[in-house]
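Trainee: Need the 3D shape of this:
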Amino acid sequence: MRRCVSLVLMLVLTTLTSVTAFAEDLEVKIVSLPDQVAGGATQTMVVKTEAGATCRAHAFSKNSNFVLRATKAANDGMVTWSWQTGIGRRVVQVQVMCEAGDRKGTAVGSFNVIGSGR
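Mentor: Now for the predicted structure:
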């Protein structure tokens with residue numbers, strides 16, 4: 001009997017953990033991110049998700065890490081960030097994480113910084 005109760009309790013806890021964890025079911029898509037940008041220039045990224053979702057992003061390379069401010073998606077679901085790239089050739093990875101209620105989603109992308117731009 002104890003073994004049966006233990007198994008049921010373990011099953012319930014596993015199920016509850018799965019239910020209370022965030023599900024990756026919120027659609028997040030990078031709709032605009034130019035493939036390359038001159039060093040020192042402004043890069044702009046546009047993301048589409050659910051209206052009202054809160055999105056955070058960061059752009060990083062081996063020498064830099066830009067944390068982009070948390071922003072709520074507009075009524076059309078769009079979020080836009082712009083930032084200065086810095087100088088020097090490199091590949092920059094971007095990651096966007098959005099949440100709406102208990103749902104979340106992630107999108108990733110990259111671009112190249114090409115030269116100093118000056």
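
Trainee: any chance you could map the strands in this protein?
Mentor: For the chain, applying DSSP state E gives strands covering 29-32, 36-38, 42-48, 54-60, 65-72, 78-84, 90-100, 103-114.

Trainee: Can you add mean pLDDT and mean neighbour count and give those strands back as TSV?
Mentor: C-betas here are computed from N, CA, C, even on glycine. TSV is the format used below for the strands of the chain (pLDDT from 0 to 100; neighbours: other CB atoms under 10 Å):
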stretch	mean pLDDT	mean neighbour count
strand 29-32	98	14
strand 36-38	95	15
strand 42-48	97	18
strand 54-60	97	18
strand 65-72	94	13
strand 78-84	96	16
strand 90-100	97	19
strand 103-114	96	17
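
Trainee: tell me the centre residue of this structure?
Mentor: The residue lying closest to the centre of the chain (CA atoms, centre = their mean) is Val96, at 1.5 Å.

Trainee: Tell me what it is bridged to.
Mentor: Ala57, Ala107 (DSSP bridges).

Trainee: Go ahead and confirm it touches Val28.
Mentor: Yes - counting by CB atoms under 8 Å, Val28 is a contact partner of Val96 at 5.8 Å.

Trainee: any shared contact partners between these two?
Mentor: Val47, Cys55, Thr106, Ala107 (CB atoms under 8 Å, 6 or more residues apart in numbering).

Trainee: could you dump those residues to CSV with distance to Gln84?
Mentor: Rendered in CSV, the data for the shared contacts of Val96 and Val28 read as follows (distance: CB to CB, whole Å):
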residue, distance to Gln84
Val47, 19
Cys55, 20
Thr106, 24
Ala107, 22
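
Trainee: and which of those residues is nearest to Pro34?
Mentor: Using CB to CB, Val47 comes nearest to Pro34 of the shared contacts of Val96 and Val28, at 14.1 Å.
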